[in-house]
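A.B. asks: what's the 3D shape of this:
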Amino acid sequence: MKVVIIGGVAGGASAAARLRRLDEQAEIVVLERSGYVSYANCGLPYFVGGSITDRAKLTLQTPASFRDRFDIDVRVNNEAVEIDRDKKEVLVRNLADGTVYTEPYDKLILSPGARALVPAIPGTDAERLFTLRTVEDTFAIYDFAEREKPATAAVIGGGFIGVEMAENLVERGIEVALYQRPGQVLPILDSDMVPFVHNEMRAQGIDLHLGSDVQEFQPRDGAVAVRDQNGVQDFGMVVLAIGVVPESSLAEMAGLELGVKGAIVVDEHMRTADPDVYAVGDAVQVTNYVSHDDAHIALAGPANKQGRIAADNICGLDSVFMGSQGSSVIKVFGLTAASTGLTARAAQRAGIDYDDVLLSPPSHASYYPGSHPVRLKVLFERGTGRIIGGQAVGVEGVDKRIDVLATAIHANMTADDLAELDLCYAPPYSSAKDPVNMAGFMIQNILEGRVDQVHWADALDLPADTVLLDVRTAGEHGRGCVEGAIHIPVDELRGRIGELPQGKRLFVHCQTGLRSYLACRMLAQLGYDCANVAGGYVFLEAARTDNQDTSSGVGGCGL
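C.D. replies: Numbering: from 1, shown residues only. Alright, predicted model coming up:
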């Protein structure tokens, strides 16, 4: 059996290695049009910023190492230009000398990845304008920065690559502005979670242009001018990072079906409509594991799994790709942001009846030095309590909580399951009731009717028969409050109950949501109609101001 793989990196390289482990006799050929077959794609921005200093560290495998260890024929700088499915041949151009040849196959795996999206606006061919997708792109940006030493840079786009590039250019001492067409960076986060990231980026000197419609790049002497609806600004360099699109032109020319965003349609075995052609990685359409909708999710983890699954099925094993949850994490200077499953926007699009809880527990036991707040959001299905999404932002402990939630989503766990999870605990690492357990408790309280919940959007648009009650301490209230709210600290509430208006519904808030929950339990048992404002004042403050959240040594709510 001869297997030809078009494209390396995550999916193609994983498929090639798995094929050899399963079949020692197979002839395996990998065609890669760049000069690198297997490299740390996600590490590229960190080479630009200097966290990774050795160019060789970006390369995971070379053609020689593939040949020596796996007996795989890897041909870099060889571009597949056409697929003849009837003849089962690939037309290949050797980019080193321009020669063209055909490569026959018994089975074909497409792993062409995705290409950087370039907008159809003037000036994208400017000499000082770059995209970042390959190792060659990385070296071009790094060498330019070393040679020209630009004082300023514009990053266009606020997804993973855009945010990481902005950070790493700042690490080089470059003054950075980031332009983003939507009103926020990082679409993996909802609008109530992302302000913590915005504030960190601003605190590190990044000039955020949110809601910016970049209309033109104008080459100038030693600069590139960026023009949006608000004006023109010159920069020493520009990095385009507005997203990626599947590199599916080969598949389209070969008559294979395309789906979401032009991604290649495959079945659960990673097989296209042609039984001898498979496709994996950033070029393929997948199923969203939670909503079951068709999706394009370009991440390294799923790509590696898909490569393995394609190889399994070629070798007769019945392996299945169940879909992608989009689990992802990103470093943003001193913060970590992570997400898994559905965001609120995605849940709405999928038509799921959902709600969410917002909490700010300490990253580890508050009496052990150095704890930091973890801003955590967990989405659940109202009817069943099924966990459908999770997001977190914080200094530490973020990735492990989202990994637990990713596992819970994959196992179709409910709030009851979160509450019962037996997670490891020691004061330097967590609390006896882990934040994930706490989220489970909170969802249970909502589903079982022990507390009603509203979000700030409703709490700030009060009906005539509703008042806002602030139960924080006098010190907290003095540092910022919602105008018109009644202020009675929770520890004084029982003795001052007569100050509450009769016949009014109460929306109760504290700093993070714990004391307001306690107040709601007290008031409900005294006959008051009340609801807890999710997330507390800290979420409102982050959204309404650009104040940097620098709290550390976090104790219990109000302590």
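A.B. asks: any idea which element Arg20 lies in?
C.D. replies: helix 11-22 (DSSP states H and E).
A.B. asks: helices or strands up against that helix?
C.D. replies: Contacts defined by 3 or more CB pairs under 8 Å, 6 or more residues apart in numbering; DSSP states H and E place helix 11-22 against strand 2-6, strand 27-32, helix 63-70, strand 107-110, helix 300-314. Yep, even glycine has a C-beta here, placed from its N, CA and C like the rest.
A.B. asks: mind redoing it with 7 Å?
C.D. replies: strand 2-6, strand 27-32, helix 63-70, helix 300-314 (3 or more CB pairs under 7 Å, 6 or more residues apart in numbering; DSSP states H and E).
A.B. asks: the ones you listed: lowest mean pLDDT?
C.D. replies: For the helices and strands packed on helix 11-22, mean pLDDT drops lowest on helix 63-70, to a mean of 92.
A.B. asks: where along the stretch 101-250 of the chain do the helices fall?
C.D. replies: All helices of the stretch 101-250 of the chain, identified by DSSP state H, counting those that start in this stretch, fall at 135-148, 160-171, 195-203, 249-253.
A.B. asks: minimum distance to Arg382: which of those helices has it?
C.D. replies: With CB to CB, the closest approach to Arg382 among the helices of the stretch 101-250 of the chain belongs to helix 195-203: 25.7 Å.
A.B. asks: quick one: the closest one to chain centroid distance?
C.D. replies: Put simply, helix 195-203 sits 16 Å off its chain's centre (CA atoms, centre = their mean, to the nearest Å).
A.B. asks: and that helix, what does it pack onto?
C.D. replies: So helix 195-203, by 3+ CB pairs under 7 Å, 6+ apart, packs with strand 207-210, strand 328-332, strand 335-341, helix 537-544.
A.B. asks: residue ranges of each domain in the protein, please.
C.D. replies: Per automatic domain parsing, the structural domains of the chain span 2-114+245-314, 129-242, 334-447, 453-544.
A.B. asks: if we can go back for a sec, what's the angle from the helix holding Arg20 to helix 300-314?
C.D. replies: Angle between the axes of helix 11-22 and helix 300-314 is 40 degrees (criterion: axes from the mean of the first three to the mean of the last three CA atoms, to 10 degrees).
A.B. asks: what comes up buried for stretch 77-84?
C.D. replies: Across stretch 77-84, burial judged by 16 or more other CB atoms under 10 Å covers 78-80, 83.
A.B. asks: show the average pLDDT along it.
C.D. replies: Mean pLDDT, computed over stretch 77-84, is 97.
A.B. asks: now the domains of the chain in JSON lines, with distance to Met322?
C.D. replies: Shown next, in JSON lines, are the domains of the chain (distance: least, CB to CB, whole Å):
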{"stretch": "domain 2-114+245-314", "distance to Met322": "6"}
{"stretch": "domain 129-242", "distance to Met322": "20"}
{"stretch": "domain 334-447", "distance to Met322": "8"}
{"stretch": "domain 453-544", "distance to Met322": "31"}
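A.B. asks: looking at this structure, which helix or strand is least sure?
C.D. replies: strand 38-39 (a mean of 76; mean pLDDT, DSSP states H and E).
A.B. asks: wait, doesn't Gln215 sit right on Ala225?
C.D. replies: No. Contact criterion CB atoms under 7 Å: Gln215 and Ala225 do not qualify, at 11.1 Å.
A.B. asks: so those two - more neighbours on which side?
C.D. replies: When Gln215 and Ala225 are compared for neighbours, Ala225 comes out ahead with 18 against 14, by other CB atoms under 10 Å.
A.B. asks: tell me how far the more buried one lies from Pro122.
C.D. replies: Per CB to CB, to the nearest Å, Ala225 is found 11 Å from Pro122.
A.B. asks: which neighbours do the two share?
C.D. replies: Contact criterion CB atoms under 7 Å, 6 or more residues apart in numbering; residues shared by Ala225 and Pro122: Phe217.
A.B. asks: got the phi and psi for the residue of the chain positioned farthest from its centre?
C.D. replies: Computed with CA atoms, centre = their mean, the maximum C-alpha offset from the centroid of the chain is found at Gly498, amounting to 48.1 Å. Geometry field for Gly498 lists phi and psi as phi -70, psi -10, criterion degrees, to the nearest 10.
A.B. asks: residues in contact with Val90?
C.D. replies: Val90 touches 4, 6, 80, 83, 102-103, 105, counting by CB under 7 Å, 6+ apart.
A.B. asks: can you report how many residues neighbour the closest residue to it other than its chain neighbours?
C.D. replies: Once flanking residues are discounted, Val90 sits nearest to Glu103: 4.7 Å by CB to CB, 6 or more residues apart in numbering. Using other CB under 10 Å, Glu103 has 19 other residues around it.
A.B. asks: go on, His269?
C.D. replies: 17.
A.B. asks: for it, which non-adjacent residue is closest in space?
C.D. replies: Asn313 is the one closest to His269 (CB to CB, 6+ apart), at 4.5 Å.
A.B. asks: verify the stated contact: the one you found with Glu268.
C.D. replies: No. Taking contacts as CB under 7 Å, Asn313 lies outside contact range of Glu268: 9.6 Å.
A.B. asks: those two: which is more packed in?
C.D. replies: Asn313 (20 against 15).
A.B. asks: next up, the contacts around that one.
C.D. replies: Per CB under 7 Å, 6+ apart, neighbours of Asn313: 269-271, 319.
A.B. asks: which residues sit against the least confident helix or strand of the chain?
C.D. replies: 8-9, 13, 58-61, 135.
A.B. asks: can you put the residues you listed in a markdown table and add secondary structure, neighbour count and distance to Ala474?
C.D. replies: Listed next are the contacts of strand 38-39 as a markdown table, based on DSSP: H, G, I helix; E, B strand; the rest coil; neighbours: other CB atoms under 10 Å; distance: CB to CB, whole Å:
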| residue | secondary structure | neighbour count | distance to Ala474 |
| --- | --- | --- | --- |
| Gly8 | coil | 31 | 62 |
| Val9 | coil | 27 | 57 |
| Ala13 | helix | 27 | 61 |
| Leu58 | helix | 18 | 55 |
| Thr59 | strand | 16 | 59 |
| Leu60 | strand | 17 | 57 |
| Gln61 | strand | 20 | 62 |
| Val135 | helix | 20 | 58 |
